[in-house]
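# What shape does this take:
(one chain, ligands or ions: 2)
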Amino acid sequence: MCPSPNTTVPVAPPPPGRGVPVLEIQEFAMPATAAADLVVDGGRARRGSGRIEVTVPGDKSVSHRALLAALLPGAPAVSTVRNANLGGAVRALLPAMAALGVEVTAQDRTLTVRRTATPVPQPTRSHPTGGGWPRDIPYLQTEGSSAAARLLIGVLAGSGTTAIVDGDDVLRHRPMDWLVEPLVELGARLSYLGAPGRLPVLVGGPVHRPGTVELCVGSAQARSGVLLAAVAAGLPVTVRHSVRSRDHTERMLAAFGAGLTADDGQVAYDGGPYTVPPVIEVPADPSLAAYPVAARLLYGTGGELRVPYVCLNPTRLGFFEVLRAAGADIDYQDRGTTSAGEPVGTIVVDGGLDSVRAVRVDDPALLHALIDEVPLLAAVAATLPGDSWIGCAEELRFKETDRLATTAGMVRAFGATVGTVGDGLAVHGGTVLRAGRVPAFEDHRIAMAAATLAMSLPGRTTVSGGACHRTSFPDFAEVQRAVGARVCEDTDR
Ligand SMILES: O=C(O)C1=C[C@@H](OP(=O)(O)O)[C@@H](O)[C@H](O)C1
Ligand SMILES: C=C(OP(=O)(O)O)C(=O)O
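Residues are numbered from 1 along each chain as shown. Ligands and ions are numbered 1, 2, ... in the order given. Here you go, the predicted model:
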């Protein structure tokens, strides 16, 4: 049986003086698993030494932004997104765009976006209060992707497009007020059609009041939603934020020529013009590169592993930086820049974790630079001899699962001693870990972290519902097999 994600085992006190933000924790029943299991036969790497190169899919965040750029006023009628991530989270945006008359076709990893198509209405879900949906208003469903929903709300609230934005049962429990409240301050008419602060949200009128808004969270999606609204409306807006989280929206809009200035703690848009280019290039996803890199480090044998053309935006490199600072041999080479203003290069890893005792994250910007890699970092930390701490992570409670709890539950299923303490995770090192059946809690990041840890442990591990990795990394198993893993999907379930 899967351990409960809600069990809290304090194994170490939080660091002194750490204030825990008061945020309302999401509680809801997870839907029954639909995904197949992942089966991992762990132990030594299937391949020995030698240089290996693997490529990982395009960055999920940049893909979302590149697609939504096509909805900005003045964007070309036909545009191309190259090397897009084609996982479920990015695909979630396509039917919503179709309902707005924007057709997206995929060939390999290239998306062609046409703004002039006939709108294709999406089927509606049941109304959360049992009432009826407002008539003649496009209904846009973004499934489980909060980036898709939040960024879309921003673009709609900037371009003055009336629509309803909805999501699946899990997304209907994730906070939308982080973004909706600042948009309302800027004059947008937005209303919650179900629970306050949650989807579905009706976007009824555009932002039109210039000014400064203050965000209460570090969420890059919230900041991006406000910036996209401001730029779509040509409205001068300053966004103050407490944490510098991923800045892909700022880089992309600046690459379009929009007048943006970023200082410590704020980003300001001057209301001036911009040009959306006909082609946007997406670099490979550093959050996905982290899995083969971790597998290589956990195996600890073999030669160099190279992952080319990865987004080297510093707001995304926390996982690699924390391990580098702790002694792992990780390097960045072949540096360049994409047309969307993103630094790119090859991540090179050699050797294992022998010189690494423990890892520590206790800075909010660093946490945000590895926010999606926390389950993987905790899994790696469980193999180290020392005690590790991953703090400043309160926002993880608002992901598709409460990822502080589900990360602890997953790592504990391997026999590790790990607990949620305040706003973080304390991982005791030096425990003997064992293969077995472990939960993924329907969460792609938990599934991939579990499967990666299992690769280095002798014996068979079954990651329940682990095939949910398709949300962000459809070819996860193929890539990990190239690094030496024995991992496959159990299609017999
Ligand atoms: O801006 C984005 O594309 C994302 C920002 C992060 O979420 P938050 O903005 O909620 O922190 C991250 O966890 C998510 O996978 C993608
Ligand atoms: C949290 C994630 O995405 P989102 O917030 O967009 O659902 C993720 O991909 O790990």
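# What parts of this protein come near ligand 2?
89, 145, 146, 147, 372, 399, 400, 445, 472 (CB under 6 Å from any ligand atom). Using the backbone N, CA and C atoms, a C-beta is placed for each residue, glycine as well.
# The third one: what's it in contact with?
What it means is residue 146. The neighbourhood of residue 146, defined by CB atoms under 8 Å, 6 or more residues apart in numbering, consists of 167, 171, 174, 221, 399, 400.
# helix or strand for the closest residue to ligand 2 within the stretch 201-350 of the chain, which one?
Distance from ligand 2 to each residue of the stretch 201-350 of the chain (CB to the nearest ligand atom) is smallest for residue 221, at 6.5 Å. Using DSSP states H and E, residue 221 sits in helix 220-233.
# Name the nearest residue to the most centrally placed residue in the chain, sequence neighbours excluded.
For the chain, the residue lying nearest the average C-alpha position, counting by CA atoms, centre = their mean, turns out to be residue 372 (5.4 Å). If the residues on either side of it in the chain are set aside, residue 372 comes closest to residue 287, at 4.6 Å by CB to CB, 6 or more residues apart in numbering.
# Only alpha carbons, please: show the host helix or strand of that neighbour as CSV.
Using DSSP H and E, residue 287 sits within helix 286-299. What follows is helix 286-299, C-alpha atoms only, in CSV (Å, rounded to 0.1, in the frame of the first residue of the first chain):
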residue,chain,number,x,y,z
PRO,A,286,17.0,22.0,-17.6
SER,A,287,14.4,20.5,-15.3
LEU,A,288,14.3,17.5,-17.6
ALA,A,289,18.1,17.4,-18.1
ALA,A,290,18.3,16.9,-14.3
TYR,A,291,17.0,13.3,-14.6
PRO,A,292,19.8,11.8,-16.8
VAL,A,293,22.4,13.9,-14.9
ALA,A,294,21.1,12.6,-11.6
ALA,A,295,21.1,9.0,-13.0
ARG,A,296,24.7,9.4,-14.1
LEU,A,297,25.7,10.8,-10.7
LEU,A,298,23.9,8.0,-8.8
TYR,A,299,25.5,5.3,-10.9
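# any residues touching the next helix or strand after that helix, and which ones?
Sequence order places strand 305-311 as the next helix or strand after helix 286-299, per DSSP H and E. With CB under 8 Å, 6+ apart as the test, strand 305-311 has contacts from 51-56, 59, 62, 83, 283-286, 289, 292-293, 296, 334, 342-350, 483.
# Strand 305-311 close to ligand 1?
No - Strand 305-311 lies apart from ligand 1 when judged by CB under 6 Å from any ligand atom; the minimum separation is 11.7 Å.
# Next, the buried residues of the helix or strand following that strand.
With elements assigned by DSSP H and E, the helix or strand that comes after strand 305-311 is helix 318-325. Neighbour-count burial for helix 318-325, with 16 or more other CB atoms under 10 Å as criterion, is recorded at 318, 319, 320, 321, 322, 323, 324.
# and the very next helix or strand once past helix 318-325, average pLDDT?
The element immediately downstream of helix 318-325 (helix or strand, assigned by DSSP H and E) is strand 329-337. Strand 329-337 shows an average pLDDT of 97 in the prediction.
# What's the first helix or strand after strand 329-337?
Where DSSP H and E defines the elements, the next helix or strand beyond strand 329-337 is strand 343-350.
# Please look at residue 202 and residue 139 and confirm they touch.
No - with the criterion set as CB atoms under 8 Å, residue 202 and residue 139 do not qualify as a contacting pair; they are 10.1 Å apart.
# got any residues that touch both of these two?
When contacts are counted by CB under 8 Å, 6+ apart, residue 202 and residue 139 are jointly contacted by 163, 164.
# Next, count neighbours for residue 43.
Applying other CB atoms under 10 Å, we find 17 other residues in the vicinity of residue 43.
# my guess is it contacts residue 454, does it?
No - no contact is recorded between residue 43 and residue 454 when judged using CB under 8 Å, the distance being 9.9 Å.
# Show the pLDDT at the residue nearest to the centre of the chain.
Residue-level confidence at residue 372 comes out at 98, pLDDT.
# what helix or strand does the residue of the chain positioned farthest from its centre sit in?
When each C-alpha in the chain is compared with the mean C-alpha position (CA atoms, centre = their mean), residue 135 comes out farthest, at 33.5 Å. Residue 135 belongs to no helix or strand when assigned by DSSP H and E.
# tell me the contacts of residue 317?
By CB under 8 Å, 6+ apart, the contact list for residue 317 reads 286, 369.
# Burial check on the nearest residue to residue 345 once chain neighbours are set aside, number of neighbours?
Nearest non-adjacent residue to residue 345, counting by CB to CB, 6+ apart: residue 335, 4.2 Å away. One way to gauge burial is a neighbour count; for residue 335, by other CB under 10 Å, it gives 10.
# now the helices for this structure?
Listed in chain order, the helices of the chain (DSSP state H) span 60-69, 88-91, 93-99, 146-159, 177-185, 220-233, 248-255, 286-299, 318-325, 364-368, 374-381, 403-413, 444-455, 476-482.
# Go through those and pick out the most buried.
Of all these, helix 444-455 carries the top mean neighbour count, a mean of 30, counting by mean count of other CB atoms under 10 Å.
# Hmm, residue 72 is touching residue 155, no?
Yes - with contact defined as CB under 8 Å, residue 72 counts as touching residue 155 (6.8 Å).
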